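>>> no sequence on this one, just coordinates:
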C-alpha cells in the first residue's frame, strides 16, 4: 500500500507550464493514452464510501506522422488500482491510501469482478504527458471536452506546494473533483448504460 499526495489544477496555458518544466530541468517521461474504467456496484457502494476501483489500459501516444504499430496492442499495460477515502486540507492537496498492481489478463479480471458485483460505471480517456521534477511527478492531462489539467504528486504536502510554486501555479485554485466525477458529469451513456467520455478525433491540440 502507498499513499497518494497530490493536487489537481485546471490549466489555462499548458504551453507556459511545459516551458516552466523545461526551464527547471524537469525530465520528460513521455506521453501515453489512458483508457480508464471505474467499477462499482449498481448501488454505488464504493462511491458512497469515497473509494474507487479503476482498471486502466495504458498505451504509448502515437505520433501523427508515425505509421500505426502492427503490434501496438502487445505494448499496452493494464493496471488495477484501488483508492481509499480522501482527506484534503485548505490547500486542496489530497491524501488517500492507494493499492496498485499490474494485470496480465484484463478480460479474466473483469469477468471475476463482475461475479463479485462490480461492473463498469464510468469510462474515460485521457492524454497524459508526464514529467519528473526532483521527487515529484507532474502530469499535463488532456481530457475530451474538458481541456488541459495538471496533477502534481510528491511524497509530502510541502513537496507538492514547493513544486506548485516553482511552476508558477500557486495562484490557481485546486480542483476538488476527481477525473472520474468530471467525466461522469460531462460524458454520455453508451448503449449498455455506461457513462463514457472519449476522444472523437485522431489528433488533439498541442
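Sure thing, it's come through. Remember, predicted model here, so these are calculated numbers, not experimental data.
>>> in what helix or strand does residue 17 lie?
Using DSSP states H and E, residue 17 sits within helix 14-23.
>>> give me the buried positions along that helix.
Burial within helix 14-23, assessed by neighbour count using 16 or more other CB atoms under 10 Å, is assigned to 14, 17, 18, 20, 21. Heads up, the C-betas are built off the backbone N, CA and C, glycines and all.
>>> dump the residues you listed to CSV, plus distance to residue 179 and pLDDT.
What follows is the buried residues of helix 14-23, written out as CSV (distance: CB to CB, whole Å; pLDDT from 0 to 100):
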residue, distance to residue 179, pLDDT
14, 16, 97
17, 18, 98
18, 20, 98
20, 23, 98
21, 21, 98
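>>> so which elements touch the helix holding residue 17?
When contacts are defined as 3 or more CB pairs under 8 Å, 6 or more residues apart in numbering; DSSP states H and E, helix 14-23 sits against strand 119-133, strand 136-143.
>>> what's the shortest one packed up against?
What that stands for is strand 136-143. Applying 3+ CB pairs under 8 Å, 6+ apart, one finds that strand 136-143 contacts helix 14-23, strand 119-133, strand 147-153, helix 157-166, helix 179-186.
>>> strands paired with that strand, and their directions?
Taking DSSP bridges as the criterion, strand 136-143 pairs within the sheet with strand 119-133 (antiparallel), strand 147-153 (antiparallel).
>>> hang on, the earlier thing: nearest to residue 102, of the helices and strands packed on strand 136-143?
Across those, residue 102 has its closest neighbour in strand 119-133 (17.3 Å, CB to CB).
>>> how about residue 121, what does it touch?
Residue 121 sits next to 38, 39, 40, 44, 184, 194, 195 when contact means CB atoms under 8 Å, 6 or more residues apart in numbering.
>>> do residue 84 as well
With contacts defined as CB under 8 Å, 6+ apart, residue 84 is in contact with 50, 51, 96, 97, 98.
>>> of these, which is the most crowded?
Using other CB atoms under 10 Å as the contact criterion, the top neighbour count among the contacts of residue 84 goes to residue 96, which has 18 neighbours.
>>> got a pLDDT number for it?
Reported pLDDT at residue 96 in the predicted model: 93.
>>> cool, residue 78 as well?
Residue 78 carries a pLDDT score of 97 in this model.
>>> next up, phi/psi of it, please.
When read as degrees, to the nearest 10, the backbone of residue 78 gives phi -120, psi 130.
>>> where does the chain have low pLDDT?
Filtered on pLDDT under 70, the chain yields the residue ranges 62-74, 201-206.
>>> at 90 what do you get?
Applying pLDDT under 90 to the predicted model, the residue ranges of the chain that meet it are 1-4, 61-76, 86-94, 200-206.
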